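Enquirer: Mind folding the following:
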Amino acid sequence: MEKISWDDFTRVEIRVGTVISAELNAGASKPAFKLSIDFGQELGILKSSAQITDYYTIESLVGSQIMAVVNFPEKQIGKSISQCLVLGVHDEKGAVILMRPEFKAPNGSRML
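Expert: Numbers count the residues shown, from 1 in each chain. Prediction:
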């Protein structure tokens, strides 16, 4: 494992946001949702495509909070643009489990 400096870590902006809408991303090569995520007044609403269809439904995502990297460059995912990277980990079967705050946090709060 490559070690990084504290300065490298502090450059990555991981923030909490609330999913305000979700839909299937028909243009993705693997099953995915297109998400609109509210990161508060400073960052506003950002879009993301996330391969999280194994454990999550549109209904369970809307209104829930997630963690995401918000300072990566935009990336083309199928026919949509992803403006942030939703964070998760793989389970033993390869399905994604979202990283989320345990309690409600203000949108846009930065991970410490």
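
Enquirer: switch to C-alpha atoms for all contacts and neighbour counts from now on
Expert: Fine.

Enquirer: Would you mind listing the outside residues contacting stretch 66-85?
Expert: Residues from elsewhere that reach stretch 66-85, judged by CA atoms under 8 Å, 6 or more residues apart in numbering: 12-19, 27-29, 46-50, 86-87, 98-101.

Enquirer: Recalculate using a threshold of 6 Å.
Expert: Stretch 66-85 has contacts (CA atoms under 6 Å, 6 or more residues apart in numbering) with 13-17, 27-28, 46-49, 86-87, 99-100.

Enquirer: With stretch 86-97 instead?
Expert: Taking CA under 6 Å, 6+ apart as the rule, stretch 86-97 contacts Ile52, Asp54, Met67, Ala68, Leu98, Met99.

Enquirer: Now find how far off-centre stretch 22-38 is within its chain.
Expert: Stretch 22-38 sits 11 Å away from the centroid of its parent chain (CA atoms, centre = their mean, to the nearest Å).

Enquirer: what does stretch 62-78 give?
Expert: Mean-position distance between stretch 62-78 and its chain equals 4 Å (CA atoms, centre = their mean).
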